[in-house]
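**Q** Starting from these lines, generate the structure:
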Amino acid sequence: MTGERRNVWFPLAVLGFVLLGLATWLVDDDYGWFAYRPSPDGALTAVQHSYGGLGSNYAVAIDTTGPVLRGARWDDLAVLWLVAVSVTSVASVVFYAVRAHRAGRAIGWRKLTGIVLAGAVVLALSVPLMGFGASWGMTMATAVGLPLLVLGLCAAGWGYFENARGHRAALVIGAVCLSLAVLVLAAAVTVPVPAVLVVLALAVFAWRWRDLVLAVLAVIFLGAVLVFSGEVLGALVPAAVLLAGAIAVLLTARRPTAQPG
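**A** Okay, the predicted model is just below:
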C-alpha cells in the first residue's frame with residue numbers, strides 16, 4: 001500500500017461531504033398542516049392550509065413536526081451527482097498537483113489541461129446520456145447497451161486469451177466498450193451516470209493497486225447507488241459509504257518509509 005494509494009482518501013472524503021451538503025437541497029422545512037383533495041388524474045392537490053370546511057369524505061391532511069425528507073425526483077439526483085462529481089474532480093486535480101509540486105514532481109500545465117478537459121468532456125457527455133436514458137429507457141439498453149457489452153466482452157476475451165499481435169489494443173477496446181456499456185445501461189435504468197463513473201474509478205484503482213479495500217468499497221458503493229436510486233437516501237447513503245471508505249483507506253494504508261541513506 002503506497003503513499004499514492006493512501007491519497008485516494010481525499011476524493012472519497014470530498015465527494016462524501018459535497019453529497020451531504022447538496023443533499024440539504026432535498027430537505028424541506030416544516031410546513032405544518034395542509035389539506036389536499038384528489039384531482040381528476042388521481043394526484044393530490046393542495047387546496048388550503050387547514051382542512052376546516054372540507055368534507056371528510058375526500059380531504060386528507062398531514063402534520064409534520066420538523067424537516068421532511070421529500071422523495072427526490074430522478075432529475076434532482078442526476079443534477080446533484082453531476083455537481084458533486086464535478087466539484088470533486090476539480091478539487092482532486094488541484095490536490096494532486098500541489099502534492100506533486102511539493103514532492104518535486106511537478107505536473108506540466110499541458111498535462112493538467114488535458115486531464116481537466118478529459119474530465120469535462122466525460123461529465124458533459126453524461127448529461128445527454130442521462131437525458132436519452134430517461135426518454136428511451138430499455139430501448140436504448142437493448143439497442144446500444146447490450147451490443148456494446150457483447151463487443152466489449154469479445155474484444156477483452158480475445159485480447160486476454162490470445163497473445164497475438166494487437167492483443168493490447170483489443171484489451172483497450174474491450175475496456176472502453178465495457179465502460180460505455182455500463183454507462184448506457186445505467187442511464188437506461190435511470191441510475192445517475194456520474195455515480196457510475198465513481199464506481200468505475202474505484203474499480204480501476206482497486207485493479208491497479210490490487211487492493212481489496214477499494215474493491216469492496218466499489219461493490220458496496222454500487223449497491224448503495226442502485227438500491228437507493230431515485231430517493232433522497234440515494235445521496236445520503238452513498239455519501240456515508242464514501243466517508244467510511246476514506247477512513248478505511250487511511251487506516252489500512254502504510255506511510256512510505258524513508259530509504260536509508
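
**Q** A84 reaches L20, doesn't it?
**A** No - applying Cβ atoms under 8 Å, one finds A84 not in contact with L20, separated by 9.6 Å. From N, CA and C alone the C-beta is placed, and that goes for glycine too.

**Q** Break down the protein into its helices, ranges please.
**A** 3-6, 9-23, 74-102, 109-136, 138-140, 146-161, 167-188, 193-209, 212-227, 233-252 (DSSP state H).

**Q** Turn those helices into TSV, columns for mean pLDDT and mean neighbour count.
**A** TSV is the format used below for those (pLDDT from 0 to 100; neighbours: other Cβ atoms under 10 Å):
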stretch	mean pLDDT	mean neighbour count
helix 3-6	68	16
helix 9-23	93	20
helix 74-102	87	18
helix 109-136	85	14
helix 138-140	79	14
helix 146-161	87	16
helix 167-188	87	19
helix 193-209	91	20
helix 212-227	93	18
helix 233-252	93	20
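
**Q** Test my guess that L20 contacts A239.
**A** Yes - in terms of Cβ under 8 Å, L20 counts as a neighbour of A239; the distance is 4.8 Å.

**Q** so W25 touches L80, yeah?
**A** Yes - W25 is within contact range of L80, at 7.0 Å (criterion: Cβ under 8 Å).

**Q** how close does V191 get to S126?
**A** Distance, V191 to S126, by Cβ to Cβ, to the nearest Å: 11 Å.

**Q** In contact with V144: list those residues for me.
**A** V184 (Cβ atoms under 8 Å, 6 or more residues apart in numbering).

**Q** Could I get the pLDDT score of it?
**A** Here the pLDDT value assigned to V144 is 88.

**Q** how close does it get to V121?
**A** Computed as Cβ to Cβ, the V144 to V121 distance reads 19 Å.

**Q** separation between the residue nearest to L214 when sequence neighbours are not counted and L217?
**A** Closest residue to L214 apart from its sequence neighbours, by Cβ to Cβ, 6 or more residues apart in numbering: A206 at 3.8 Å. Applying Cβ to Cβ, the value for A206 to L217 is 8 Å.

**Q** repeat for A156
**A** From A156 over to L217 the distance is 23 Å, taken as Cβ to Cβ.

**Q** before we move on, what about R110?
**A** 32 Å.

**Q** Tabulate the CA atom coordinates of stretch 127-144 in CSV.
**A** Written as CSV, here are the backbone C-alpha positions of stretch 127-144 (Å, rounded to 0.1, in the frame of the first residue of the first chain):
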residue,chain,number,x,y,z
VAL,A,127,-25.7,14.9,-19.4
PRO,A,128,-27.3,13.9,-22.8
LEU,A,129,-26.7,10.3,-22.0
MET,A,130,-28.9,10.6,-18.9
GLY,A,131,-31.4,12.5,-21.0
PHE,A,132,-31.6,9.8,-23.6
GLY,A,133,-31.9,7.2,-20.9
ALA,A,134,-34.8,8.9,-19.3
SER,A,135,-36.5,9.2,-22.7
TRP,A,136,-35.8,5.9,-24.3
GLY,A,137,-35.3,3.6,-21.3
MET,A,138,-34.9,0.0,-22.1
THR,A,139,-35.0,0.7,-25.9
MET,A,140,-31.6,2.3,-25.5
ALA,A,141,-30.4,-0.5,-23.3
THR,A,142,-31.2,-3.2,-25.9
ALA,A,143,-30.2,-1.1,-29.0
VAL,A,144,-27.0,0.4,-27.7
